[in-house]
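K.L.:
next comes the sequence, and after it the predicted model I'd like to discuss.
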Protein chains: 4
Amino acid sequence: MFIHRHKVQFYETDLMGIVHHSNYLRFYEEARVAWAHAHGLLEYQKPGSASHFAVYETQVKHIKPTFFGDDLEIDVQGRTEGNRIVFQYRLRGRDNEVCSVAKTVHVPLGPDLKLLRLPANMKAAMEKEQWTETWL
Amino acid sequence: MFIHRHKVQFYETDLMGIVHHSNYLRFYEEARVAWAHAHGLLEYQKPGSASHFAVYETQVKHIKPTFFGDDLEIDVQGRTEGNRIVFQYRLRGRDNEVCSVAKTVHVPLGPDLKLLRLPANMKAAMEKEQWTETWL
Amino acid sequence: MFIHRHKVQFYETDLMGIVHHSNYLRFYEEARVAWAHAHGLLEYQKPGSASHFAVYETQVKHIKPTFFGDDLEIDVQGRTEGNRIVFQYRLRGRDNEVCSVAKTVHVPLGPDLKLLRLPANMKAAMEKEQWTETWL
Amino acid sequence: MFIHRHKVQFYETDLMGIVHHSNYLRFYEEARVAWAHAHGLLEYQKPGSASHFAVYETQVKHIKPTFFGDDLEIDVQGRTEGNRIVFQYRLRGRDNEVCSVAKTVHVPLGPDLKLLRLPANMKAAMEKEQWTETWL
């Protein structure tokens, strides 16, 4: 399974001393882009390319907090659902404990923000993926 | 119904020319805090107070993009579900069109990040609220 | 003098319990855009317009910290220096005390990120400004 | 010389298609923390430790823009100036070209936000540093 690593930065914390919840969507975006690059989809999210995706829906559950300096590991899996692509994420922090699980749904958009068909290479990459179980 | 206003800033956009999706969780937090203050819960989210809440779950749907300079209006409603509080949001942009709807679930936490009982004043404020319909 | 107001949000704090220093550049950008709009420069920073400016240099001094919920007031003044525009800022927090002063320098850029000449309306707006003293 | 690497993320861009200038202060903070850890100052910026530093002043020059996906390299050097510590940074992007140079000044602060004396281990680490030239 694809794993993305992120070291928690000082600027990602809030006054409760933990990572602010909005940053998890940024970590999951990082993980998604890294997944795409690792699958040869180098144009993923590049402006003007046929591989731009808009975020249609996000769902995040927070189980444990994460802290400044933590070395996070994010498991990523993806699959297609009709013309949409769906990613799920499992974020592990200290002692390898699961701190958050999430799901994001995306639709392919042109530079004019109009809906496109799912690019063939994204579809092919998705079909090779293994979606073993649902985390959220 | 409580309405919170937010003017979209340049630094909230991304290279697609629209507001980055992670910022919606920040707008919804702004709206939630403003709701609490408007309901006399001035200690809401203040560190060391008995009114700190952790974000347990978020769910956001993106229907239309929003842009630099847009004057957003965010409708907010809240209610209790056992020991949790639940907020829902409806974000309106240009031409008053609904651009996003969302729901967030919160649990009361002490400074040591341990679960607390729901404070009485929060419970009372919530009971006066009208949750007319579910938006998400 | 032009004053911009900003209420400090929870998501703008860090684990020291104060506003993270990177956010001051965002507050100053907000103030600069509001200044431009108040001076009739409605196209300021709009993509594709002749009024886009790149940030060439920033300098920020932090005198006192600011906190969640603070109602900040930011004084703004601008002037031209050759083909550049320069803004200075004075940020006041609790008890009206000055918490930060700053200066930013900008150059006009086209959509291709090439240097442009200073637009006439920006030049005219700047000449009407009063730069009473230097704060930083 | 110490070098910190940062891959530019999608969420760090703005509607001009480049990295937003406020994020450079975040990159420089990342580089500073990494420098401290590499010099054995593991407590650097940890809350409650004797090694917390407040940002007193920042100065950033932007020479060339940086873009989504860029692999940035940030050179870092530090030295003491009386009770303060000063860092300078040189950020290189595509084709190894210098895109930004910067300087930040810091003062040691206790958890009560009161000034402390410079910790001995920080002073020792700084004295071993080579400050070859001034970049900004």
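P.N.:
That came in fine, so what should we check first? Numbers count the residues shown, from 1 in each chain, chains lettered A, B, ... in the order given.

K.L.:
where does the prediction get shaky in chain A?
P.N.:
Along chain A, the parts satisfying pLDDT under 70 run over A:47-51.

K.L.:
would you map the helices across it?
P.N.:
Along chain A, the stretches classed as helices by DSSP state H are A:22-38, A:120-127.

K.L.:
redo those as TSV? Include mean neighbour count and distance to chain C.
P.N.:
Heads up, the C-betas are built off the backbone N, CA and C, glycines and all. TSV is the format used below for those (neighbours: other Cβ atoms under 10 Å in any protein chain shown; distance: least, Cβ to the nearest Cβ, whole Å):
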stretch	mean neighbour count	distance to chain C
helix A:22-38	22	6
helix A:120-127	15	27
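
K.L.:
which one, of those helices, ends up nearest to chain D?
P.N.:
Distances from chain D to each of those were compared by Cβ to the nearest Cβ, and the smallest falls on helix A:22-38, at 4.8 Å.

K.L.:
is that closest one positioned near chain D?
P.N.:
Yes - residues of helix A:22-38 contacting chain D under Cβ under 8 Å from any Cβ of the partner chain: A:26, A:29-30, A:33.

K.L.:
what of stretch A:2-9?
P.N.:
Yes - against chain D, stretch A:2-9 shows contacts by Cβ under 8 Å from any Cβ at residue A:9.

K.L.:
is chain B contacted by that stretch?
P.N.:
No - looking at stretch A:2-9 against chain B by Cβ under 8 Å from any Cβ, there are no contacts, and the closest approach is 14.0 Å.

K.L.:
which of the helices of chain A sits closest to residue D:125?
P.N.:
Comparison of the helices of chain A against residue D:125 by Cβ to Cβ identifies helix A:22-38 as nearest, at 29.3 Å.

K.L.:
quick one, that closest one and helix B:22-38 angle?
P.N.:
Calculated by axes from the mean of the first three to the mean of the last three Cα atoms, to 10 degrees, helix A:22-38 forms an angle of 170 degrees with helix B:22-38.

K.L.:
list the contacts of residue A:122.
P.N.:
When the contact criterion is Cβ atoms under 8 Å, 6 or more residues apart in numbering or on different chains, the partners of residue A:122 are A:41, A:44, A:51, A:85, A:108.

K.L.:
out of those residues, which is nearest to chain D?
P.N.:
Using Cβ to the nearest Cβ, residue A:44 is the member of these that lies nearest chain D, at 9.5 Å.

K.L.:
so how far is residue B:45 from the residue located most distally from the centre of chain A?
P.N.:
Summary for chain A: using Cα atoms, centre = their mean, the residue whose C-alpha lies farthest from the chain's mean C-alpha position is residue A:15, with a distance of 25.6 Å. Here residue A:15 is placed at a distance of 9 Å from residue B:45 (Cβ to Cβ, to the nearest Å).

K.L.:
need the residues touching each of the two.
P.N.:
Common contact partners of residue A:15 and residue B:45 (Cβ under 8 Å, 6+ apart): C:10, C:68.

K.L.:
from residue A:88, how far out is residue A:61?
P.N.:
Using Cβ to Cβ, one gets 11 Å for the distance from residue A:61 to residue A:88.

K.L.:
please enumerate the shared neighbours of these two.
P.N.:
Between them, residue A:61 and residue A:88 share the neighbouring residues A:101-102, A:136, with contact defined by Cβ under 8 Å, 6+ apart.

K.L.:
so who does the nearest residue to residue A:5 once chain neighbours are set aside touch?
P.N.:
Take residue A:5 and drop its neighbours on the chain: the residue closest to it by Cβ to Cβ, 6 or more residues apart in numbering or on different chains is residue A:73, 5.8 Å away. With Cβ under 8 Å, 6+ apart as the criterion, the residues that contact residue A:73 are A:3-5, A:91-92, A:96.

K.L.:
now the buried members of these.
P.N.:
Burial by neighbour count, 16 or more other Cβ atoms under 10 Å in any protein chain shown: within the contacts of residue A:73 this picks out A:4, A:91-92.
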